[in-house]
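# Attaching a predicted model along with its sequence, questions to come.
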Amino acid sequence: MRKVLLFISVILLSFNLNAQISDTTNDLALIEKTINLYLEGQATGDSTKVGSSFDDSWQLKYFADNEIKVVTKSKYIAGFQKHDRPKNWSARTVFVDITNNVAIAKVEISTPTLLFVDYFHFMKTNKGWLVVDKISARTPHKTVEATVAKAN
């Protein structure tokens, strides 16, 4: 009888673990969908796409002039104007870490002159996975002038 109970316990535990792995895989796909929506809006100046990836409480925080700056969702969205995707623009998700109904993602966006490193804080809501906050840093790309040999 003990062996049967042990066997049943192991089977039930494995079902629970498989369900958790499936939920995490599904959550990761939904978070990546939200990130991609943001990135597409960012690349093309589409405020609707960017705004729909954010919760209404969303804020951007960054450090400049020796202080933490805070930008609200409405102020951030107001700065967008639609345009074609720029050349030399790329983005990649570095990592996503999920714990229950919260997550964090590190995303890099490279423009012709700047590298943005964004950390998105997500919460799973009844509307899906939304970005509730973003902290950001930007670094100018290093450029050097190459010496060109003169033709004789």
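Nice, thanks for sending it over.

# And stretch 91-101, what's buried?
91, 96, 98 (16 or more other C-beta atoms under 10 Å). C-beta: built from backbone N, CA, C; applies to glycine.

# Show me what the mean pLDDT comes to for that stretch.
For stretch 91-101, mean pLDDT is 97.

# what sits up against it?
24, 27-28, 31-32, 35, 39, 42-43, 103-110, 123-124 (C-beta atoms under 8 Å, 6 or more residues apart in numbering).

# List only buried entries from those residues.
Counted by 16+ other C-beta under 10 Å, the contacts of stretch 91-101 give 27-28, 31, 35, 39, 42-43, 103-105, 107, 109, 123-124 as buried.

# does residue 95 sit in a helix or strand, and which one?
strand 90-99 (DSSP states H and E).

# Tell me which stretches of the chain form helices.
With helices called from DSSP state H, the chain shows them at 2-44, 47-52, 73-78.

# Now find how far off-centre the strand holding residue 95 is within its chain.
Chain-centre distance of strand 90-99: 6 Å, with C-alpha atoms, centre = their mean, to the nearest Å.

# Tell me which strands it pairs with, and in which orientation.
strand 102-110 (antiparallel) (DSSP bridges).

# What are the contacting residues of the strand it pairs with?
Residues contacting strand 102-110 (C-beta under 8 Å, 6+ apart): 27, 31, 35, 39, 42, 88-97, 115-124, 129, 141.

# Just the C-alphas of that strand, formatted as CSV.
C-alpha atoms of strand 102-110 as CSV (Å, rounded to 0.1, in the frame of the first residue of the first chain):
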residue,chain,number,x,y,z
VAL,A,102,5.9,39.5,-11.7
ALA,A,103,8.9,39.6,-14.1
ILE,A,104,11.8,41.6,-15.2
ALA,A,105,13.4,41.9,-18.6
LYS,A,106,16.6,43.5,-19.8
VAL,A,107,16.3,44.9,-23.4
GLU,A,108,19.0,46.6,-25.5
ILE,A,109,18.1,49.0,-28.2
SER,A,110,20.9,50.2,-30.5
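
# chain center to that strand: distance?
With C-alpha atoms, centre = their mean, you get 4 Å for strand 102-110.

# ok, now stretch 121-140?
Distance, centroid of stretch 121-140 to centroid of chain: 6 Å (C-alpha atoms, centre = their mean).

# Alpha carbons only: can I get it in PDB?
Output of stretch 121-140 as PDB, limited to C-alpha atoms (Å, rounded to 0.1, in the frame of the first residue of the first chain):
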ATOM      1  CA  HIS A 121       9.200  45.500 -14.700                       C
ATOM      2  CA  PHE A 122       6.200  43.400 -15.600                       C
ATOM      3  CA  MET A 123       3.100  42.400 -13.700                       C
ATOM      4  CA  LYS A 124       0.500  39.800 -14.900                       C
ATOM      5  CA  THR A 125      -2.900  41.500 -14.800                       C
ATOM      6  CA  ASN A 126      -6.300  40.600 -16.000                       C
ATOM      7  CA  LYS A 127      -5.200  42.400 -19.200                       C
ATOM      8  CA  GLY A 128      -2.200  40.200 -19.500                       C
ATOM      9  CA  TRP A 129       1.500  40.900 -18.900                       C
ATOM     10  CA  LEU A 130       2.100  44.700 -18.800                       C
ATOM     11  CA  VAL A 131       5.100  46.800 -18.200                       C
ATOM     12  CA  VAL A 132       4.500  48.700 -15.000                       C
ATOM     13  CA  ASP A 133       7.900  50.500 -14.800                       C
ATOM     14  CA  LYS A 134      11.000  51.000 -16.800                       C
ATOM     15  CA  ILE A 135      14.400  52.100 -15.800                       C
ATOM     16  CA  SER A 136      16.800  53.100 -18.500                       C
ATOM     17  CA  ALA A 137      20.400  54.000 -19.200                       C
ATOM     18  CA  ARG A 138      21.800  55.300 -22.400                       C
ATOM     19  CA  THR A 139      25.400  55.300 -23.700                       C
ATOM     20  CA  PRO A 140      26.800  57.000 -26.800                       C
END
